[in-house]
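Enquirer: Below is the sequence, then the predicted model.
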Amino acid sequence: MTDDIPRRSVQRSARLASLPLGFASRTAAGWGRRLAGGDQGQISADVARRGAEQLFAVLGELKGGAMKFGQALSVFEAAVPDELAEPYREALTRLQTAAPPMPAARTHRVLAEQFGRGWRDRFTEFDDTPAAAASIGQVHRAVWHDGRDVAVKVQYPGAQEAVMADLRQLQRFSRMVQPLVPGMEIKPLLAELRDRMAEELDYRDEADAQRAFAAAYEGDPDVVVPRVVASAPKAMISEWVTGTPLSAIIRSGEPEERDRVGLLLSKFHFSSPARVGLLHADPHPGNFQVLPDGRLCVIDFGAIARLPDGLPRELGNMLRLAVEDRSDELLELLRDLNFVLPGVDMSPDEAIAYLGPLTDPLRTEKFHFTRAWLRGQADRLGDLRRPEFTTGRGLNLPPQYLLVHRVTLASVAVLCQLDAEIPLRGVFEEWQPGFAG
């Protein structure tokens, strides 16, 4: 293995270019086996499994923007149809926390570049084996000179070049990946990731965001944010936390635990813009743990949205009108905010038919988020034969709402992975401006 992210564009492009070819060849082989009399269900599952293995093996090995894209997709596995879900679920979940590590010698060189040649003197212990590896960096466990257990995050050399090259290349293949996440537009996601990655590549920005969150949630009974100990452009040190990964609760948690964690996630997501002026914009399960005392620990603040005035009030107004089925006023507001494309002829009934079911979680005191519900919404909006599909083509998502929308959608997908039943309406009434009137 090389000692950093492969930086040569031609090398990374060749790996990514193998993806559509691989999908095409496996699909062709599947059709051949069907013509020969093979079982259609088994063949489809086999093609899906092999395709998932290839896709996420390549994304994981390349790290950088390729893996970042895979992690962004990982929260939407709940929308994948049952017959295809298992191979994607397993492969996507692996991307949330794991990637091939870089050798210790390279890690040491990065730390020396960032903290000086005497970097080891800052620690009484440093574990050369990474405790976790992700899209643009890996994490080592260490003991700070004052005795605190700390997490040392080290960026892969060549990350910036690799990230941008990957995202450009992946945009070419977005149509091939689109079937993995029905109801989610891949091209805008890739464009947004490209715009945000410049911020994530400077760990000083991440450290500043984490400090702001840690200060705002200091002493909070439900949420913990580890304090930052030191930071540099390509390395960052924060307090170590040990808890149960959210992915483990998704996999085998008891119903009561799922509901409680789902509520904590929702409160954190919707309260932070008001409390911090920031929104944690990377809500995949790898960034959350549950501590032994039951509190939710949040990590990785590389992707954030700046919302100094809190969540947009106009979004709360829109949701309230949809929940109350006030279709005429809803359509008028959608047009005023440029959610309807210019020149599109849309009726109030069409607008409420499209948006109304999306507000089901806010229509009752408690709502049970399930994979079946999410798949139903994805199918409803993505089926070319349904009128909602035509309505959707006339709608627009203004740029200022794109990140809030994507993060909210991802958070809902995680709630569906958790199979959680929570009082989301109460959370909205407390934290979403404009929703309660």
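Expert: Happy to help now that I have it.
Enquirer: Unless I misread the structure, Leu263 falls within a strand.
Expert: No - under DSSP: H, G, I helix; E, B strand; the rest coil, Leu263 sits outside any strand and is assigned helix.
Enquirer: Hmm, it is touching Gly426, no?
Expert: No - when contacts are counted by Cβ atoms under 8 Å, Leu263 is not listed as touching Gly426 (9.3 Å). C-beta: built from backbone N, CA, C; applies to glycine.
Enquirer: Comparing the two, which residue is more hemmed in?
Expert: Just comparing Leu263 and Gly426: by other Cβ atoms under 10 Å the higher neighbour count belongs to Leu263, 21 against 15.
Enquirer: and the more buried one, what is it in contact with?
Expert: Counting by Cβ atoms under 8 Å, 6 or more residues apart in numbering, Leu263 makes contact with Ala420, Ile422, Pro423, Val427.
Enquirer: Contacts for stretch 381-398, please.
Expert: Counting by Cβ under 8 Å, 6+ apart, 182-183, 188, 334, 337-341, 344-346, 350-351, 353-354, 380, 405 sit against stretch 381-398.
Enquirer: ok, 6 Å please
Expert: Residues outside stretch 381-398 that contact it (Cβ atoms under 6 Å, 6 or more residues apart in numbering) are Pro182, Gly183, Asn338, Phe339, Leu341, Val344, Met346, Glu350, Tyr354, Arg380.
Enquirer: Now do the last one against Pro357, distance only.
Expert: Counting by Cβ to Cβ, to the nearest Å, the separation of Arg380 from Pro357 is 7 Å.
Enquirer: do the same with Asp345
Expert: 22 Å.
Enquirer: Of those two, give the one with the bigger neighbour count.
Expert: Legend: neighbour count by other Cβ under 10 Å for Asp345 and Pro357, higher for Pro357 (16 against 7).
Enquirer: And what about the more buried one, helix, strand or coil?
Expert: What three-state DSSP gives for Pro357 is helix.
Enquirer: wait, doesn't Leu403 sit right on Leu307?
Expert: No - using Cβ atoms under 6 Å, Leu403 is not in contact with Leu307, being 9.2 Å away.
Enquirer: so when I look at Gln114, I'm seeing a strand, right?
Expert: No - judged by three-state DSSP, Gln114 forms no part of a strand; its state is helix.
Enquirer: quick one: pLDDT of it?
Expert: In the prediction, the pLDDT value recorded for Gln114 is 97.
Enquirer: now the helices for the stretch 151-300 of the chain?
Expert: Using DSSP state H, counting those that start in this stretch, the helices of the stretch 151-300 of the chain run over 159-172, 174-177, 186-200, 203-216, 246-252, 255-276.
Enquirer: In terms of mean pLDDT, which of the ones you listed ranks lowest?
Expert: helix 174-177 (a mean of 57).
Enquirer: For Val414, the count of nearby residues, please.
Expert: 25.
Enquirer: Which strand or helix spans it?
Expert: Val414 is part of helix 399-418, with elements assigned from DSSP states H and E.
Enquirer: which helices and strands sit right next to that helix?
Expert: Secondary-structure packing of helix 399-418 (3 or more Cβ pairs under 6 Å, 6 or more residues apart in numbering; DSSP states H and E): helix 255-276.
Enquirer: Which parts of the helix it packs on count as buried, going by neighbours?
Expert: 257-276 (16 or more other Cβ atoms under 10 Å).
Enquirer: Dump the C-alpha coordinates for it into CSV.
Expert: Output in CSV follows, covering the C-alpha atoms of helix 255-276 (Å, rounded to 0.1, in the frame of the first residue of the first chain):
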residue,chain,number,x,y,z
PRO,A,255,-36.7,-0.3,21.2
GLU,A,256,-36.6,2.0,24.2
GLU,A,257,-33.0,2.8,23.6
ARG,A,258,-33.7,3.5,19.9
ASP,A,259,-36.5,5.9,20.8
ARG,A,260,-34.4,7.7,23.4
VAL,A,261,-31.4,8.1,21.1
GLY,A,262,-33.6,9.2,18.2
LEU,A,263,-35.0,11.9,20.4
LEU,A,264,-31.6,13.1,21.5
LEU,A,265,-30.4,13.2,17.8
SER,A,266,-33.4,15.3,16.9
LYS,A,267,-33.1,17.7,19.7
PHE,A,268,-29.4,18.2,18.9
HIS,A,269,-30.0,18.7,15.2
PHE,A,270,-32.8,21.3,15.6
SER,A,271,-31.5,23.1,18.7
SER,A,272,-27.9,23.8,17.6
PRO,A,273,-28.6,26.6,15.1
ALA,A,274,-30.4,28.5,17.9
ARG,A,275,-27.8,27.6,20.6
VAL,A,276,-24.6,27.9,18.5
